[in-house]
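>>> Give me coordinates for this.
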Amino acid sequence: MLQKKRRRLLVQGLNKIGLEVFPSYATFYVWTKVPHSKSSIEFSSELLNKLGIVTTPGVGFGDPGEGYIRFSLTVPEEQILKALDRLKK
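Numbers count the residues shown, from 1 in each chain. Below you'll find the predicted structure:
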């Protein structure tokens, strides 16, 4: 139940920001397309270094994962809301 609520919160927030989201209902992750012409490592590093948001670069899952990053749903709702607020700015 918590995971569904977290997924809905994250997916809606990322969509509002303008990121293309691919929610997987069978896992506790949400995949997002990397915006612009950055690699998944570049974008993931930028989120970590500039905003303190931890994501997983898709390239770590092989070539088909390049161009995507993965957000985890294992954190409390408060952290998801903080991350979305940081992304908006």
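>>> mind listing what residue 69 touches?
Residues in contact with residue 69 (Cβ atoms under 8 Å, 6 or more residues apart in numbering) are 31, 32, 34, 40, 43, 44, 47, 55, 56, 57, 58. Placement of C-beta: from N, CA and C, glycine included.
>>> Give me the buried subset of these.
When those are checked for burial by 16 or more other Cβ atoms under 10 Å, the buried set is 31, 32, 34, 40, 43, 44, 47, 55, 56, 57, 58.
>>> about what we covered before: in strands, which of the contacts of residue 69 appear?
Applying DSSP state E to the contacts of residue 69, the entries found in strands are 31, 32, 56, 57.
>>> Excluding sequence neighbours, find me the nearest residue to the last one.
Translated: residue 57. Leaving aside its sequence neighbours, residue 57 sits nearest to residue 40 (Cβ to Cβ, 6 or more residues apart in numbering; 3.8 Å).
>>> lowest confidence element among the helices and strands of this protein?
Within the chain, no helix or strand scores below strand 21-23, which has a mean of 87 by mean pLDDT, DSSP states H and E.
>>> Let me see the ranges of the helices in this protein.
2-17, 40-46, 77-88 (DSSP state H).
>>> Same question for the last one: list its buried residues.
For helix 77-88, a neighbour-count test (16+ other Cβ under 10 Å) marks 80, 83, 84, 87 as buried.
>>> If you count contacts, what does it end up packed against?
If you count contacts as 3 or more Cβ pairs under 8 Å, 6 or more residues apart in numbering; DSSP states H and E, helix 77-88 packs onto helix 2-17.
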